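1. all I have is the shape, not the residue letters:
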């Protein structure tokens, strides 16, 4: 339905991905170092204290990688909100915002929907009073053609009408 641009979030995600790459590189070095120190400990070439420090550094680097991965995943989930989709079938009947308009989170003064939506399995039609004769004999069966769907005829059932004609537009909600 819409795509919202979030340059600050995109930049944060790029920074988080770079931080993750850095943390992974440091983890690789810490893994190699810890393995070497453990091998040297077997030959009593280094002290157990130094080996413990290398292994501890390895665990610390692993925790940093896990933290960086979680941050990247969090920002990717936030970035998914850039794309506005509907979890249902329907047709957008009105757009209540303009392309390029600034949308701010928590702005109560502009609390309105972006779109007006109509389910695709039902329609609320507004027709001119003089066109009512085109509805079937029983005043329930209706056929409809739309400019948007050339060559197609839609059939439906009139469920109710407003029972009042708007004198300005000479329309009746059916």
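-> Structure's in. What do you need? Quick caveat: nothing in here was measured; it's all calculated off a predicted structure.
2. in the chain, which spans are helices?
-> With DSSP state H as the criterion, the chain has helices at 7-42, 48-79.
3. beta partners for residue 154?
-> Per DSSP bridges, the residues bridged to residue 154 are residue 144.
4. how much space between it and residue 93?
-> Relative to residue 93, residue 154 is positioned 16 Å away (C-beta to C-beta, to the nearest Å). (Glycine included, C-beta is placed from N, CA and C.)
5. swap in residue 46?
-> Relative to residue 93, and taking C-beta to C-beta, residue 46 is found at 74 Å.
6. more crowded one of those two?
-> residue 46 (16 against 11; other C-beta atoms under 10 Å).
7. that one reaches residue 39, doesn't it?
-> No: if you go by C-beta atoms under 8 Å, residue 46 and residue 39 don't touch, sitting 9.5 Å apart.
8. pLDDT below threshold where in this protein?
-> Within the chain, the segments meeting pLDDT under 70 span 105-112, 120-140.
9. now do 50
-> Scanning the chain for pLDDT under 50 picks out no residues.
10. and residue 57, how many neighbours?
-> The burial count for residue 57: 18, using other C-beta under 10 Å.
11. got the contact list for the closest residue to it other than its chain neighbours?
-> Closest residue to residue 57 apart from its sequence neighbours, by C-beta to C-beta, 6 or more residues apart in numbering: residue 30 at 5.1 Å. Residues near residue 30 by C-beta atoms under 8 Å, 6 or more residues apart in numbering: 54, 57-58, 60-62.
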